[in-house]
Every structure is written in C-alpha cells, then in structure tokens.
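K.L.:
Next come a sequence and a model predicted from it.
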Amino acid sequence: MEIHGTVYDILHNKHGEISTTCPEDTVYDAIRQMGEKNIGALVAMDGGEVIGVLSERDYSRKVVLQGRTSRDTRVGEIISRPAVVVQSRDGIEKCMQLMISNRIRHLPVVDDGRLVGLVSMGDLVSWVMNSQRHTIEQLQGYISGDYPG
C-alpha cells in the first residue's frame, strides 16, 4: 500500500510549539520540561543548528542504566547524534523508513537550515490510520452508489 502525504501535511494539522534544549542544559531540566509538556523528546539545538534529539529512551539508557544522575549530566553528553532530519516536502513513507532503519521515534523537520517542526512515530501512525479510514469511506460510498465514480 502506498502512503500519500508529506511532512508538511502532518505539521499543518499539528498544534503546539517545538520544544528544544541545548547541550549545556542539565538532563534534569530537559526531562522536567518533557514532563511538564507531556512530550517524549526535545530537539537539541546549538547556535540555531539542530545537533540531535533527546528522547526518554536516551535518558533511560544513558543516565539511569549507567548510574549517572540527571542533575550532573549535560544534555550534550547523551543526545542521539547526529540528528536524522527530514524536510517538510518529504513523504510520509520516507519518514517511516528513516525511523525504522535508524531505530528512532522522532524526526526534526529542517527547511533551509531552520527547525520548523518535529514529527513522531505517533504522528505518522495517526496519519496512516486517518488516510486508510478516508479510503475505506470512499470505497464504501462507491460500492453503495453514494459516491460519484
């Protein structure tokens, strides 16, 4: 099944700000921000450039399991680098392939060197489900004669 749509389509329907952190921030402050905003990742920025992503997975594997403390560890020490990014014109299928092949769940969206959004695996799954629902409704309408073919 071919998946239609672009990253722009997802961002256009997504609300909210892009949450970021920087390498000098403590992991504690970053995790607190994620908790307050009920999000699973932050884009790590350095001087306006996307340098990586800090996810809950990074925290659990690189702080908790290594016996570090979140107050004494800097974001720059544990972020996933380099950032795997997409552009808003990229297709949904490309995003899914990147996430699967890189074993990641978040993709910063960078257009002309500027961060314009973040898409998650959840965003992609939601897009695919809505797309399939729409296709099914069209097919049901066509079969029942309610849809002008």
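P.N.:
Received it, and whenever you're ready, just let me know what you need.
K.L.:
nearest residue to Gly40 other than its sequence neighbours?
P.N.:
Nearest non-adjacent residue to Gly40, counting by CB to CB, 6 or more residues apart in numbering: Glu56, 5.2 Å away. From N, CA and C alone the C-beta is placed, and that goes for glycine too.
K.L.:
Tell me where the chain is predicted with low confidence.
P.N.:
The model of the chain has pLDDT under 70 over residues 1-3, 132-142, 147-149.
K.L.:
Which residue ranges of it form helices?
P.N.:
According to DSSP state H, the chain carries its helices in the segments 7-13, 27-37, 56-59, 75-78, 92-102, 121-144.
K.L.:
Including mean neighbour count and distance to Asp46, could those go into TSV?
P.N.:
Conversion of the helices of the chain to TSV gives the following (neighbours: other CB atoms under 10 Å; distance: least, CB to CB, whole Å):
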stretch	mean neighbour count	distance to Asp46
helix 7-13	16	23
helix 27-37	16	14
helix 56-59	18	16
helix 75-78	20	8
helix 92-102	15	20
helix 121-144	13	25
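K.L.:
want to try a markdown table for the ones you listed, with distance to Gly48 as columns?
P.N.:
Supplementary listing: the helices of the chain in a markdown table, determined by distance: least, CB to CB, whole Å:
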| stretch | distance to Gly48 |
| --- | --- |
| helix 7-13 | 19 |
| helix 27-37 | 18 |
| helix 56-59 | 22 |
| helix 75-78 | 16 |
| helix 92-102 | 23 |
| helix 121-144 | 24 |
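K.L.:
Pretty sure the residue nearest to Gly40 sits against Asn38.
P.N.:
No - Glu56 is beyond contact range of Asn38, at 11.5 Å (criterion: CB atoms under 8 Å).
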